[in-house]
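Colleague: structure for this input, please:
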Amino acid sequence: MNFSGSLFNIVLALVFAYEGAMMIVKKNGGVTRNGGRYYDKYTPESVVRFSIISGILFFALALVEGLIVLLQMEIISIPALMNEDGKVSIWVTLIAVLVFLVLYAIIYFAVLKKRDDYVEPAKDDRKQDDDEEY
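Modeller: Next comes the predicted model:
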């Protein structure tokens, strides 16, 4: 068994599982930065749907990382996912991450709906004050 080589994947699987749990449990996207206002521009119903679906995606990615750990520790053997040396192919991780990113982007743009009454905050207030100085 090769535990030291699998440590990174174990930590990665735990991080993905934690993020999935936060997305599902908090139902606000799991965001606390900026006082939790990141998703204020979207309707609450769409944020709840997005949180649950993306939480499930994070859990699926954690399961893939767990499968990779099991393959690296030689607990299970799936020849299609191994290269000639008997090690896990890097393509397994790359394909899983790419599929995750594509699905996450599709869900982000398809599920989240903007509120009708949302107004974007001003980016820079200093430009308005420049005219008053003269």
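Colleague: could you use CA atoms for every contact and neighbour count after this?
Modeller: Fine.
Colleague: so where is this protein shaky, pLDDT-wise?
Modeller: Across the chain, residues meeting the criterion (pLDDT under 70) sit at 1-5, 27-39, 86, 118-134.
Colleague: how near is Lys87 to Ser77?
Modeller: Lys87 is 10 Å from Ser77, where distance means CA to CA, to the nearest Å.
Colleague: give me the residue at the spatial middle of the chain.
Modeller: With distances taken as CA atoms, centre = their mean, the residue of the chain nearest its centroid is Phe58 (5.8 Å).
Colleague: if you skip the residues just before and after it, what's nearest to that residue?
Modeller: Take Phe58 and drop its neighbours on the chain: the residue closest to it by CA to CA, 6 or more residues apart in numbering is Gly20, 4.8 Å away.
Colleague: what is the neighbour count of that neighbour?
Modeller: Using other CA atoms under 10 Å, Gly20 has 25 neighbouring residues.
Colleague: again with Lys41
Modeller: So Lys41, with other CA under 10 Å, has 17 neighbours.
Colleague: these two touch, right, it and Leu112?
Modeller: No: assessed by CA atoms under 8 Å, Lys41 is found out of contact with Leu112, at 9.5 Å.
Colleague: biggest helix in this protein, by residue count?
Modeller: helix 44-72 (DSSP state H).
Colleague: pull out the buried residues from that one.
Modeller: 44, 46-72 (16 or more other CA atoms under 10 Å).
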